[in-house]
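1. Dropping a prediction and its sequence here:
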Amino acid sequence: MPSFEQSLDERFPGAMSETDFLEITYNAIAGHGFDADNTIACVGVCRDELCRSLVWAVRDVWGEAFNFSGLGGLLTLGIAGFRAAHYHAPIYNGRERYVYIIMPHIGISEDGDFGKCLREGRHGSSAACGALSAMLEEFRTGTLDLSVNNDNIEYSLLKQHLTPRLLGKGLDTDSLDIATLTLAMSNLITDDLERMIELTVDKEVADYGVLTGVQIHRPISGSMVWINKGYVCVEGERRELELELPNL
Ligand SMILES: [Zn+2]
(Lines give C-alpha, C1' and ligand atoms only; values in the text may rest on other atoms or scores of the structure.)
Protein backbone atom coordinates (compact mmCIF):
# COMPACT_ATOMS: atom_id res chain seq x y z
CA MET A 1 0.00 0.00 0.00
CA PRO A 2 1.54 3.35 -0.96
CA SER A 3 1.79 6.22 1.49
CA PHE A 4 0.79 9.86 1.07
CA GLU A 5 4.43 10.76 0.38
CA GLN A 6 4.86 8.06 -2.28
CA SER A 7 1.73 9.13 -4.13
CA LEU A 8 2.70 12.78 -3.85
CA ASP A 9 6.18 12.12 -5.27
CA GLU A 10 4.77 9.98 -8.06
CA ARG A 11 2.27 12.50 -9.48
CA PHE A 12 3.21 15.86 -7.96
CA PRO A 13 7.00 15.83 -7.51
CA GLY A 14 8.41 18.95 -5.93
CA ALA A 15 5.18 19.90 -4.14
CA MET A 16 5.78 22.18 -1.16
CA SER A 17 3.83 23.66 1.74
CA GLU A 18 1.58 26.60 0.95
CA THR A 19 3.73 28.95 3.04
CA ASP A 20 6.91 27.82 1.23
CA PHE A 21 5.11 28.27 -2.10
CA LEU A 22 4.15 31.84 -1.21
CA GLU A 23 7.55 32.74 0.19
CA ILE A 24 9.49 31.30 -2.74
CA THR A 25 7.26 32.73 -5.44
CA TYR A 26 6.96 36.15 -3.75
CA ASN A 27 10.75 36.43 -3.60
CA ALA A 28 11.09 35.39 -7.24
CA ILE A 29 8.39 37.79 -8.45
CA ALA A 30 9.72 40.62 -6.28
CA GLY A 31 12.93 40.43 -8.30
CA HIS A 32 10.89 41.71 -11.26
CA GLY A 33 9.52 44.82 -9.57
CA PHE A 34 6.37 43.43 -7.94
CA ASP A 35 5.58 43.77 -4.23
CA ALA A 36 2.61 43.69 -1.89
CA ASP A 37 2.13 47.47 -2.14
CA ASN A 38 2.21 47.89 -5.91
CA THR A 39 0.41 44.67 -6.94
CA ILE A 40 -3.08 43.20 -6.71
CA ALA A 41 -3.27 39.44 -6.23
CA CYS A 42 -6.02 37.48 -7.97
CA VAL A 43 -6.68 34.04 -6.50
CA GLY A 44 -8.71 31.30 -8.13
CA VAL A 45 -9.26 28.04 -6.27
CA CYS A 46 -12.21 25.67 -5.91
CA ARG A 47 -15.15 26.77 -3.76
CA ASP A 48 -14.36 23.91 -1.32
CA GLU A 49 -13.66 25.30 2.16
CA LEU A 50 -10.47 23.19 2.28
CA CYS A 51 -9.07 25.49 -0.42
CA ARG A 52 -9.36 28.66 1.68
CA SER A 53 -5.99 28.02 3.32
CA LEU A 54 -4.30 29.07 0.08
CA VAL A 55 -6.34 32.28 -0.08
CA TRP A 56 -5.27 33.09 3.49
CA ALA A 57 -1.63 32.29 2.70
CA VAL A 58 -1.81 34.65 -0.29
CA ARG A 59 -3.42 37.37 1.85
CA ASP A 60 -0.62 37.06 4.42
CA VAL A 61 1.97 37.78 1.72
CA TRP A 62 0.26 39.89 -0.98
CA GLY A 63 -2.68 41.40 0.94
CA GLU A 64 -6.38 40.83 0.23
CA ALA A 65 -6.89 39.24 -3.17
CA PHE A 66 -9.58 39.59 -5.82
CA ASN A 67 -11.64 36.37 -5.82
CA PHE A 68 -11.37 34.38 -9.07
CA SER A 69 -12.68 31.13 -7.53
CA GLY A 70 -15.22 28.82 -9.11
CA LEU A 71 -16.37 25.22 -8.81
CA GLY A 72 -13.40 22.95 -9.48
CA GLY A 73 -11.23 26.05 -9.95
CA LEU A 74 -12.78 26.84 -13.35
CA LEU A 75 -12.39 30.50 -14.25
CA THR A 76 -15.98 31.62 -14.75
CA LEU A 77 -15.61 35.35 -13.98
CA GLY A 78 -15.06 36.26 -17.62
CA ILE A 79 -13.82 39.49 -19.16
CA ALA A 80 -15.91 41.65 -16.81
CA GLY A 81 -14.42 39.91 -13.78
CA PHE A 82 -10.84 40.25 -15.01
CA ARG A 83 -11.39 43.92 -15.84
CA ALA A 84 -12.89 44.58 -12.41
CA ALA A 85 -9.79 43.09 -10.75
CA HIS A 86 -7.50 45.19 -12.94
CA TYR A 87 -9.43 48.38 -12.10
CA HIS A 88 -8.66 47.68 -8.42
CA ALA A 89 -4.90 47.45 -8.92
CA PRO A 90 -2.66 50.15 -7.44
CA ILE A 91 -0.95 52.42 -9.96
CA TYR A 92 2.74 53.06 -9.30
CA ASN A 93 4.70 55.30 -11.64
CA GLY A 94 1.99 54.86 -14.23
CA ARG A 95 2.02 51.03 -14.19
CA GLU A 96 -0.37 48.46 -12.80
CA ARG A 97 0.71 45.01 -11.58
CA TYR A 98 -1.32 41.84 -11.17
CA VAL A 99 -0.37 38.42 -9.84
CA TYR A 100 -2.67 35.54 -10.75
CA ILE A 101 -2.59 32.43 -8.55
CA ILE A 102 -4.94 29.86 -10.03
CA MET A 103 -5.28 26.11 -9.36
CA PRO A 104 -7.60 23.13 -8.91
CA HIS A 105 -7.20 20.82 -5.93
CA ILE A 106 -6.95 17.19 -4.90
CA GLY A 107 -6.82 15.28 -1.63
CA ILE A 108 -4.45 12.39 -1.00
CA SER A 109 -5.23 9.99 1.85
CA GLU A 110 -2.79 8.53 4.36
CA ASP A 111 -2.79 5.37 2.21
CA GLY A 112 -1.88 7.35 -0.88
CA ASP A 113 -5.36 7.30 -2.44
CA PHE A 114 -5.91 10.24 -4.78
CA GLY A 115 -9.07 12.31 -4.55
CA LYS A 116 -9.72 11.53 -0.88
CA CYS A 117 -9.69 13.72 2.20
CA LEU A 118 -11.05 13.82 5.73
CA ARG A 119 -13.52 16.47 6.85
CA GLU A 120 -14.20 17.45 10.43
CA GLY A 121 -17.53 16.17 11.67
CA ARG A 122 -17.95 13.60 8.87
CA HIS A 123 -17.13 9.93 9.17
CA GLY A 124 -15.06 8.20 6.51
CA SER A 125 -13.29 9.79 3.60
CA SER A 126 -14.74 12.49 1.41
CA ALA A 127 -14.02 13.47 -2.20
CA ALA A 128 -11.69 16.35 -3.13
CA CYS A 129 -12.28 17.74 -5.61
CA GLY A 130 -15.95 16.70 -5.41
CA ALA A 131 -16.81 18.29 -8.76
CA LEU A 132 -13.94 16.56 -10.60
CA SER A 133 -14.77 13.27 -8.86
CA ALA A 134 -18.40 13.57 -9.98
CA MET A 135 -17.25 14.20 -13.56
CA LEU A 136 -14.93 11.18 -13.41
CA GLU A 137 -17.84 9.04 -12.22
CA GLU A 138 -19.90 10.18 -15.22
CA PHE A 139 -17.01 9.19 -17.50
CA ARG A 140 -16.67 5.78 -15.85
CA THR A 141 -20.36 4.98 -15.98
CA GLY A 142 -20.86 6.27 -19.52
CA THR A 143 -23.37 8.87 -18.33
CA LEU A 144 -21.42 12.02 -19.15
CA ASP A 145 -23.90 14.82 -19.84
CA LEU A 146 -22.45 17.81 -21.69
CA SER A 147 -25.60 19.90 -21.96
CA VAL A 148 -25.69 23.24 -20.14
CA ASN A 149 -28.02 23.07 -17.18
CA ASN A 150 -28.77 26.59 -16.00
CA ASP A 151 -29.57 25.19 -12.57
CA ASN A 152 -26.10 23.60 -12.44
CA ILE A 153 -24.18 26.15 -14.43
CA GLU A 154 -20.63 25.90 -13.09
CA TYR A 155 -20.54 22.10 -13.12
CA SER A 156 -21.98 22.07 -16.66
CA LEU A 157 -19.32 24.52 -17.88
CA LEU A 158 -16.56 22.59 -16.12
CA LYS A 159 -17.53 19.40 -17.98
CA GLN A 160 -17.95 21.23 -21.29
CA HIS A 161 -14.52 22.85 -21.06
CA LEU A 162 -12.57 19.89 -19.71
CA THR A 163 -13.99 17.04 -21.79
CA PRO A 164 -12.55 18.02 -25.21
CA ARG A 165 -9.12 18.31 -23.61
CA LEU A 166 -9.36 14.77 -22.20
CA LEU A 167 -10.69 13.28 -25.42
CA GLY A 168 -8.26 15.33 -27.51
CA LYS A 169 -5.32 13.74 -25.76
CA GLY A 170 -6.52 10.32 -26.87
CA LEU A 171 -6.74 9.22 -23.26
CA ASP A 172 -8.43 5.96 -22.53
CA THR A 173 -11.31 7.35 -20.52
CA ASP A 174 -11.98 3.93 -18.94
CA SER A 175 -8.65 4.14 -17.16
CA LEU A 176 -8.82 7.85 -16.45
CA ASP A 177 -7.93 8.58 -12.83
CA ILE A 178 -8.56 11.58 -10.63
CA ALA A 179 -4.89 12.66 -10.55
CA THR A 180 -4.79 12.78 -14.38
CA LEU A 181 -8.10 14.64 -14.45
CA THR A 182 -6.76 17.17 -11.92
CA LEU A 183 -3.57 17.75 -13.94
CA ALA A 184 -5.69 18.22 -17.07
CA MET A 185 -7.78 20.74 -15.11
CA SER A 186 -4.64 22.60 -14.09
CA ASN A 187 -3.58 22.81 -17.75
CA LEU A 188 -7.07 23.88 -18.80
CA ILE A 189 -7.28 26.75 -16.34
CA THR A 190 -3.72 27.79 -17.19
CA ASP A 191 -4.76 28.07 -20.85
CA ASP A 192 -8.02 29.83 -19.91
CA LEU A 193 -6.06 32.29 -17.77
CA GLU A 194 -3.64 33.06 -20.59
CA ARG A 195 -6.50 33.58 -23.03
CA MET A 196 -8.26 35.97 -20.64
CA ILE A 197 -4.98 37.86 -20.09
CA GLU A 198 -4.69 38.35 -23.85
CA LEU A 199 -8.27 39.65 -23.91
CA THR A 200 -8.06 42.01 -20.94
CA VAL A 201 -4.49 43.08 -20.07
CA ASP A 202 -2.97 46.16 -21.69
CA LYS A 203 0.74 45.31 -21.62
CA GLU A 204 1.58 48.95 -22.39
CA VAL A 205 0.54 49.89 -18.85
CA ALA A 206 0.47 46.61 -16.89
CA ASP A 207 2.86 43.89 -15.79
CA TYR A 208 1.65 40.55 -14.45
CA GLY A 209 2.74 37.29 -12.90
CA VAL A 210 1.25 33.85 -13.53
CA LEU A 211 1.38 31.04 -10.97
CA THR A 212 -0.63 27.92 -11.67
CA GLY A 213 -0.45 24.45 -10.21
CA VAL A 214 -2.42 22.03 -8.05
CA GLN A 215 -3.38 22.47 -4.41
CA ILE A 216 -2.95 19.16 -2.57
CA HIS A 217 -4.62 18.45 0.76
CA ARG A 218 -2.63 16.40 3.23
CA PRO A 219 -4.41 13.51 5.01
CA ILE A 220 -4.66 15.13 8.43
CA SER A 221 -4.23 18.86 8.06
CA GLY A 222 -2.60 21.42 5.86
CA SER A 223 -2.20 21.68 2.11
CA MET A 224 0.63 21.78 -0.36
CA VAL A 225 1.19 23.25 -3.81
CA TRP A 226 2.65 21.68 -6.93
CA ILE A 227 3.70 24.33 -9.44
CA ASN A 228 2.60 23.99 -13.06
CA LYS A 229 3.68 27.36 -14.52
CA GLY A 230 5.50 30.34 -13.00
CA TYR A 231 6.46 33.42 -14.99
CA VAL A 232 6.07 37.17 -15.17
CA CYS A 233 5.44 39.51 -18.07
CA VAL A 234 7.20 42.86 -17.59
CA GLU A 235 6.83 45.63 -20.17
CA GLY A 236 5.51 43.04 -22.59
CA GLU A 237 8.42 40.62 -22.12
CA ARG A 238 7.83 37.17 -20.68
CA ARG A 239 10.38 35.98 -18.12
CA GLU A 240 10.34 32.54 -16.48
CA LEU A 241 10.63 32.64 -12.71
CA GLU A 242 13.75 31.18 -11.22
CA LEU A 243 12.29 29.46 -8.20
CA GLU A 244 14.64 28.42 -5.45
CA LEU A 245 12.85 25.28 -4.42
CA PRO A 246 13.39 23.79 -0.95
CA ASN A 247 15.55 20.69 -0.66
CA LEU A 248 13.16 17.85 -1.35
ZN1 LIG B 1 -13.37 21.13 -5.46
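-> Arrived safely. Here the structure is a predicted model, which is why all the values come from computation and not from measurement.
2. what's the neighbour count on the nearest residue to residue 194 once chain neighbours are set aside?
-> Of all residues not flanking residue 194 in the chain, residue 210 sits nearest, at 7.3 Å (C-beta to C-beta, 6 or more residues apart in numbering). For every residue, glycine as well, the C-beta is placed using N, CA and C. A count of neighbours around residue 210, defined by other C-beta atoms under 10 Å, yields 22.
3. which residues in this structure form helices?
-> Under the criterion DSSP state H, helices of the chain are mapped to 4-11, 18-30, 52-62, 78-87, 130-140, 153-168, 178-200.
4. Figure out which of those is closest to the ion.
-> For the ion, the closest of these is helix 130-140, at 5.1 Å, according to C-beta to the ion.
5. Low-confidence ranges, the chain, go.
-> Within the chain, the ranges that satisfy pLDDT under 70 run 168-173, 245-248.
6. Next up, the contacts around the residue positioned nearest the centre of the chain.
-> Among the residues of the chain, the one closest to the centroid is residue 103, at 0.3 Å (C-alpha atoms, centre = their mean). Counting by C-beta atoms under 8 Å, 6 or more residues apart in numbering, residue 103 touches 44, 45, 54, 73, 186, 189, 212, 213, 214, 215, 225, 228.
7. which bits of this protein sit near the ion?
-> Contact residues (C-beta under 5 Å from the ion) of the chain with the ion: 46, 48, 129.
8. The first one: neighbouring residues, count only.
-> As a burial measure, residue 46 scores 26 neighbours (other C-beta under 10 Å).
9. now residue 9
-> So residue 9, with other C-beta under 10 Å, has 14 neighbours.
10. next one: residue 235
-> 11.
11. Quick check: closest non-adjacent residue to it.
-> Using C-beta to C-beta, 6+ apart, the closest residue to residue 235 is residue 207 (6.8 Å).
12. Now render the contacts of residue 103 as TSV, adding neighbour count and distance to residue 25.
-> Listed next are the contacts of residue 103 as TSV, based on neighbours: other C-beta atoms under 10 Å; distance: C-beta to C-beta, whole Å:
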residue	neighbour count	distance to residue 25
44	28	15
45	26	15
54	26	12
73	31	18
186	24	16
189	24	17
212	25	11
213	27	10
214	23	15
215	29	14
225	27	9
228	19	12
